[in-house]
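Undergrad: What shape does this take:
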Amino acid sequence: MRGEKVLSHYEVKLGRKDGSWFYGEVAARVISFDEEPGIQVWVKDIQERKQAEQALQENEQRMRAILRASPVGIGLVTGGQLGWANETMHRLLGYDEGSLMGKSDSALYPDEESYLQAGRELVAGIRRSGTGTVEAQLVRRDGTAFDCMIGACPLDASDRSRGLIVVVNDISEAKRLQAQLQRAQKMEAIGTLAGGVAHDLNNILSGLVSYPELLLMQIPPDSPLRKPILTIQRSGEKAAAVVQDLLTLARRGVAVSEVVNLNDVILQYLKSPEYERLRSFHPGVDMETHLATGLLNISGSPVHLSKTVMNLISNAAEAVLGGGNIVVSTVNRYIDRPVKGYEDVLEGDYVVLTVTDPGVGISADDIKKIFEPFYTKKKMGRSGTGLGMSVVWGTVKDHHGYIDVESREGEGTTFTLYFPATRKAKGRDEPPLSIEDYRGRGESILIVDDVEQQREIASEMLKGLGYSVAAVSSGEEAVEYLKTNPVDLLVLDMIMDPGMDGLETYRRIIQFRPGQKAVIASGFSETERVREAQRLGAGAYVKKPFLSAKIGPAMRAELDK
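TA: Just a heads-up that it's a prediction; the model follows:
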């Protein structure tokens, strides 16, 4: 009777007589013939198989590492379900690792139509070139949607039923940055156009603003002409304010030079006639303020900051249709890492202004356009020019700040403005000057301006203040005039066309008249060329249109140096 029993079966590394080694499969069994047992052992060389298995294992490890490190989501879709997905795919979609397996791929889309449309485009691409791509939206586990680029190709080109390899790349951040760039470029283009229009309008409006002042200086207080002249002057000033809005939009209207406390700006606006008028239009709206004590100062223009506060509160009041509380708050905030939103806020110390309303909210489409000039949904004739939010945007940009907007339809809106803080102290408010403080004493003045009306207005105004005045129409004429006619002070237009501008004119004059005193006049704000002229020795910058209360003190201060 014969019996046998296998004792062992294993793989082992074996050595040869020559010192080399190989993998072998060893088996042993007990063999018995009647009552005499025996053991049979045999060895099979499996070196090639082990090498192939090791190579396959190494390849699998490399592939797993590549898939784990991939910045894009990769998955296998078979029969409309995810059969496998890498870690990145789970992370993009907000799922725990492994929990996507068996999930329907249609459940990852916002709706059925989006799923079908993406599928059609992917299939069309695969039929054309073997791979398909489509830009679409997918939905995370928490219900939020994100923009992505989806690519797909068959696992087996000869048998598409085996499934598709799908690649998902999150492009939401790239699209957000692209939208920011497009907004900035659009505002820059519109601003350039607005700046040119505003410059021309400033010259035209000088007659409506400056001539009434000259006339009022010459007629008696009881003259019946005073009232209509004052009406003309006020109308011109209102038009000039609109032009100033255009310049702010063009980012050519803000001279950031004063140390300002934003709390003071807000409190002054809340005591102003403009705010009282707003309250009369919206009696159901209440104002709530939370102004931080110890608020840091900022470097800025009080006029433009006040207009920014006014526009934000006015917009909030018009959004609160049935009444409610508008909350205005300020706070010091240190940003230690970039904050992403409508605009990215960089690291630094900021004074943060927040205006929140419980109003109708802003739709996703409208929120992309609210800072564009003349875009408005307000009532014509009651809500201004449509430049309000553009002025806010331009002012924030000129103050090197950032703006963020959060809104949901029917739930309200929050505007958050970030202004870089300064450690400088606020200066004391100077008392207003009387006309006697800046009258001339017969000093000689040369006006350099390419616009005849501007020369006439400035000449009449300065003669009325007691100066001896001459005028020329270009920088070239000014250089020739001063070669033989010394003057105490230049009133120098910065932008003259054609020919030399104010900087080049001043540069040539000081070559033969070093130390020549000058003030600069322009319809725009301070530019680098203005600052360069001031570094060469020119004095104050005065914004047009000409008013004696503006140009008189600047000239007096320069002459008295």
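Undergrad: Give me the next element, helix or strand, following the helix or strand where residue 478 lies.
TA: Following DSSP states H and E, one finds residue 478 within helix 475-484. Sequence-wise, the next helix or strand downstream of helix 475-484 (DSSP H and E) is strand 489-493.
Undergrad: Quick check: buried residues in that next one?
TA: Residues of strand 489-493 classed as buried by neighbour count (16 or more other C-beta atoms under 10 Å): 489-493. All C-beta spots, glycine's among them, are computed from the backbone N, C-alpha and C.
Undergrad: Without its sequence neighbours, what residue ends up closest to residue 403?
TA: Closest residue to residue 403 apart from its sequence neighbours, by C-beta to C-beta, 6 or more residues apart in numbering: residue 396 at 4.9 Å.
Undergrad: just checking, the one you found touches residue 404?
TA: No - using C-beta atoms under 8 Å, residue 396 is not in contact with residue 404, being 10.3 Å away.
Undergrad: any residues in contact with both of those two?
TA: residue 417 (C-beta atoms under 8 Å, 6 or more residues apart in numbering).
Undergrad: domains of the protein?
TA: Domains of the chain are assigned by automatic domain parsing as 2-62, 70-170, 178-253, 254-422, 435-559.
Undergrad: per-stretch mean pLDDT over those domains, give me the minimum one.
TA: For the domains of the chain, mean pLDDT drops lowest on domain 2-62, to a mean of 64.
Undergrad: re the thing from before, mind checking which of residue 396 and residue 404 has more residues around it?
TA: residue 396 (23 against 18; other C-beta atoms under 10 Å).
Undergrad: For the helix or strand that contains that one, C-alpha coordinates in PDB please.
TA: Residue 396 is part of helix 388-398, with elements assigned from DSSP H and E. Written as PDB, here are the backbone C-alpha positions of helix 388-398 (Å, rounded to 0.1, in the frame of the first residue of the first chain):
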ATOM      1  CA  GLY A 388     -21.100 106.100  -7.600                       C
ATOM      2  CA  MET A 389     -19.600 102.600  -7.400                       C
ATOM      3  CA  SER A 390     -17.000 103.400 -10.000                       C
ATOM      4  CA  VAL A 391     -15.900 106.300  -7.800                       C
ATOM      5  CA  VAL A 392     -15.600 103.900  -4.800                       C
ATOM      6  CA  TRP A 393     -13.500 101.500  -7.000                       C
ATOM      7  CA  GLY A 394     -11.200 104.300  -8.200                       C
ATOM      8  CA  THR A 395     -10.800 105.800  -4.800                       C
ATOM      9  CA  VAL A 396      -9.900 102.500  -3.200                       C
ATOM     10  CA  LYS A 397      -7.400 101.800  -6.000                       C
ATOM     11  CA  ASP A 398      -5.800 105.200  -5.700                       C
END
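Undergrad: After it, heading C-terminal, what element do we hit next?
TA: With DSSP H and E, the next secondary element past helix 388-398 is strand 402-408.
Undergrad: other SSEs contacting that next one?
TA: Here strand 402-408 touches helix 388-398, strand 412-422, going by 3 or more C-beta pairs under 8 Å, 6 or more residues apart in numbering; DSSP states H and E.
Undergrad: Ranking the ones you listed by mean neighbour count, which comes first?
TA: The densest packing among the helices and strands packed on strand 402-408, expressed as mean neighbour count by mean count of other C-beta atoms under 10 Å, is seen in helix 388-398 with a mean of 24.
Undergrad: Tell me, how many residues neighbour the closest residue to residue 124 other than its chain neighbours?
TA: With sequence-adjacent residues excluded and distances taken as C-beta to C-beta, 6+ apart, residue 124 is closest to residue 132, at 6.7 Å. The burial count assigned to residue 132 is 23, neighbours taken as other C-beta under 10 Å.
Undergrad: And residue 281, by the same measure?
TA: Residues near residue 281, counting by other C-beta under 10 Å: 12.
Undergrad: Contacts only, for the closest residue to residue 360 other than its chain neighbours.
TA: Nearest residue to residue 360, sequence neighbours excluded (C-beta to C-beta, 6+ apart): residue 319, at 5.3 Å. Residues near residue 319 by C-beta under 8 Å, 6+ apart: 357, 359-361, 412-413.
Undergrad: 7 Å instead?
TA: Applying C-beta atoms under 7 Å, 6 or more residues apart in numbering, one finds that residue 319 lies in contact with 357, 359-360, 413.
Undergrad: Nearest to residue 85 among these?
TA: residue 413 (38.7 Å; C-beta to C-beta).
Undergrad: now the closest one, nearest residue through space, not along the chain?
TA: Residue 413 sits nearest to residue 407 (C-beta to C-beta, 6+ apart), 3.9 Å away.
Undergrad: pretty sure that neighbour is touching residue 361, no?
TA: Yes - Residue 407 lies in contact with residue 361 (C-beta atoms under 7 Å); the separation is 4.9 Å.
Undergrad: Same drill for these two, tell me which one is more crowded.
TA: residue 407 (21 against 17).
Undergrad: how close does residue 83 sit to residue 138?
TA: Distance, residue 83 to residue 138, by C-beta to C-beta, to the nearest Å: 18 Å.
Undergrad: Kindly report the same for residue 411.
TA: 26 Å.
Undergrad: For these two, indicate the residue with more neighbours.
TA: Applying other C-beta under 10 Å to residue 411 and residue 138 shows that residue 138 carries more neighbours, namely 22 against 11.
Undergrad: so who does that one touch?
TA: 93, 108-109, 145-146, 148, 168.
Undergrad: ok, the helix or strand harbouring it: who's next to it in the sheet?
TA: Residue 138 is part of strand 132-139 when elements are defined by DSSP H and E. Note on strand 132-139: by DSSP bridges, its sheet partners are strand 145-154 (antiparallel).
Undergrad: gap between the following helix or strand past the partner strand and the chain center?
TA: The helix or strand immediately downstream of strand 145-154 is strand 164-170, counting by DSSP H and E. The chain centre lies 32 Å from the centre of strand 164-170; the measure is C-alpha atoms, centre = their mean, to the nearest Å.
Undergrad: Strand 164-170: which residues count as buried?
TA: Within strand 164-170, the residues that qualify as buried are 164, 166-170, counting by 16+ other C-beta under 10 Å.
Undergrad: Is it possible to get TSV of the residues you listed that adds distance to residue 296?
TA: Listed next are the buried residues of strand 164-170 as TSV, based on distance: C-beta to C-beta, whole Å:
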residue	distance to residue 296
164	57
166	51
167	48
168	45
169	42
170	38
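Undergrad: now the residue nearest to residue 413: how far from residue 139?
TA: Between residue 407 and residue 139 the computed distance is 22 Å (C-beta to C-beta).
Undergrad: swap in residue 467?
TA: Residue 467 is 73 Å from residue 139, where distance means C-beta to C-beta.
Undergrad: again with residue 421
TA: For residue 421, the distance to residue 139 - C-beta to C-beta - is 41 Å.
Undergrad: now residue 265
TA: As judged by C-beta to C-beta, residue 265 and residue 139 stand 44 Å apart.
Undergrad: Look at those two and report which has more neighbours.
TA: Neighbours per residue, other C-beta under 10 Å: of residue 265 and residue 139, the larger number sits with residue 265, 23 against 17.
Undergrad: who does the host helix or strand of that one touch, helix- and strand-wise?
TA: With elements taken from DSSP H and E, the one containing residue 265 is helix 262-270. In terms of contacts (3 or more C-beta pairs under 7 Å, 6 or more residues apart in numbering; DSSP states H and E), helix 262-270 is packed against strand 285-291, helix 302-319, strand 324-335.
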